[in-house]
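K.L.:
Quick one: sequence plus predicted model below, questions after.
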Amino acid sequence: MLEYTPEVARRTADLQERVKDFIPSVEWPIVAPLIDAINELKKTKNAVILAHNYQTPDIYHCVADFVGDSLQLAIEAGKTDADIIVQAGVHFMAETSKLLSPDKTVLIPSLEAGCSLAASITGEDVRRMKQKYPGVPVVTYVNTSADVKAESDICCTSANAVNVVEALNVDRVMLLPDVYLAKNVAALTDVEVIAWKGLCEVHERFTAEEIQRYREATPGLVVLAHPECSPDVVADADYAGSTSSMIRYVKENRPARVLMVTECSMSDNVAAETPDVEFIRPCNLCPHMKSVTLQNILESLQELRYEVTIPEEIAGDARQAVQRMVDLQVEGRDFSDGVAASVTVENRVTLGPVAGVSG
């Protein structure tokens, strides 16, 4: 049983100050021993923790070594001399870290940390798509499993999707699996886009009508939307872009009141760094992200549980698709000026559980 000793209190005092608006002082004696134990164990195990922008403030601000979007985290982790990477995110993120750091041990703290979007498509689905559209390049969102990446020509993020599509210099591409991202990309390019009917269970719940109600209730509200939201929501936003670009927008522009149309923990994390900004929170939580906790991060480090592995016959091609995107070094683009676009949409399938985790 971990105890809240004066020494633990001293070592975590600066962290408590950082998250005091989000973790009540009465709860700190419960949280602090976990934080302290994790941070000490990282040193002895030569480990780093990657925390996605959607993680809760106790993880994001108190134990993470790197924070950001999924690809940004994987790239940064690959630059370290750590032996162990703990992915405080979901499974496809851990796979991406393993692809870019094949010699490191990559751990995912929770077997429940899946993703509705990644689960909407398999490598077999992509192979069928390639048979139906021979010769059409396949661009896959990083929010996919390694077996899907392995069937792809190149990967993209929400930040660089438009530029990746255009960098291929072709008239038509497949952009898989998020149908809303595909539609929002198609609105910014002349390239014909073929999409898969996958959706993020967090972002698909937002509606333009909901955004309008927030605007009516909060005069002067600035709305920032993720491009995994529907085109109607993106069109109603003042700015639309990736998680990293939304964070950058808030830090650079300091709007008096802001609504971030994405997973709600991100608002808490940004609010801790921009106390002068008032955040209006439509609280759509990702249950998969929230399955990662301080407790199972600690257990993951203690027991080296659960290790993410990728068969080499998949890893080689998947790594190449990710690396091609990294090598392009294309910048992001604001989605806010898109116009209506026509997209060919294929049907999705129902898939089984996440595989590729041992321990």
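P.N.:
Yep, it's here.

K.L.:
Could I get the contacting residues of the closest residue to Thr243 other than its chain neighbours?
P.N.:
Taking Cβ to Cβ, 6 or more residues apart in numbering as the measure, Thr243 lies nearest to Asn53, with 4.4 Å between them; neighbours along the chain are not counted. For the C-beta atoms, the positions are set from N, CA and C on the backbone; glycine is no exception. With Cβ atoms under 8 Å, 6 or more residues apart in numbering as the criterion, the residues that contact Asn53 are 60, 67-69, 243-244, 247, 263, 265-266, 269.

K.L.:
Next, count neighbours for Glu273.
P.N.:
In terms of burial, Glu273 registers 12 neighbours under the definition other Cβ atoms under 10 Å.

K.L.:
Wait, it touches Arg248, no?
P.N.:
No - using Cβ atoms under 8 Å, Glu273 and Arg248 do not qualify as a contacting pair, with a distance of 11.5 Å.

K.L.:
circling back: next one: the residue nearest to Thr243 relative to Glu204, how far apart?
P.N.:
Look at Asn53 and Glu204: by Cβ to Cβ, to the nearest Å, they are 19 Å apart.

K.L.:
sorry, back to before: out of the contacts of Asn53, who's nearest Glu299?
P.N.:
Checking those against Glu299 with Cβ to Cβ, the nearest one is Tyr60 at 19.1 Å.

K.L.:
Just to be sure, the closest one is in a strand?
P.N.:
No - with the criterion set as DSSP: H, G, I helix; E, B strand; the rest coil, the secondary structure at Tyr60 is helix rather than a strand.

K.L.:
Ile49 is in contact with that one, correct?
P.N.:
No - using Cβ under 8 Å, Tyr60 makes no contact with Ile49, being 10.0 Å away.

K.L.:
neighbour count winner among the two?
P.N.:
In terms of neighbours (other Cβ under 10 Å), Ile49 is the more surrounded of Tyr60 and Ile49; the figures are 29 against 25.

K.L.:
which ones are touching the residue lying closest to the more buried one once chain neighbours are set aside?
P.N.:
Sequence neighbours aside, Val86 is the residue nearest to Ile49 in space, at 4.7 Å (criterion: Cβ to Cβ, 6+ apart). If a contact means Cβ under 8 Å, 6+ apart, then Val86 has 47-50, 107, 109, 297, 300-301 as its contacts.

K.L.:
Show me which of those residues are buried.
P.N.:
Restricting these to buried positions leaves 47-50, 107, 109, 297, 300-301, with burial counted as 16 or more other Cβ atoms under 10 Å.

K.L.:
Out of the residues you listed, which is nearest to Glu40?
P.N.:
Leu301 (9.9 Å).

K.L.:
List the residues that contact that closest one.
P.N.:
Contacts of Leu301 were listed using Cβ under 8 Å, 6+ apart, and they are 38, 41-42, 45, 47, 84, 86, 107.

K.L.:
Just put those in a markdown table and tack on secondary structure, pLDDT and distance to Asn163.
P.N.:
Written out in a markdown table, the entries for those read as follows (DSSP: H, G, I helix; E, B strand; the rest coil; pLDDT from 0 to 100; distance: Cβ to Cβ, whole Å):
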| residue | secondary structure | pLDDT | distance to Asn163 |
| --- | --- | --- | --- |
| Ile38 | helix | 98 | 37 |
| Leu41 | helix | 97 | 40 |
| Lys42 | helix | 97 | 36 |
| Lys45 | helix | 96 | 38 |
| Ala47 | strand | 96 | 34 |
| Ile84 | strand | 96 | 33 |
| Val86 | strand | 96 | 31 |
| Leu107 | strand | 97 | 33 |
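
K.L.:
For Val148, state which of those is nearest.
P.N.:
Proximity of those to Val148 (Cβ to Cβ) peaks at Leu107, which lies at 21.9 Å.

K.L.:
looking at the sheet around the closest one, what are its partners?
P.N.:
According to DSSP bridges, Val86, Glu307 are recorded as the beta-bridge partners of Leu107.
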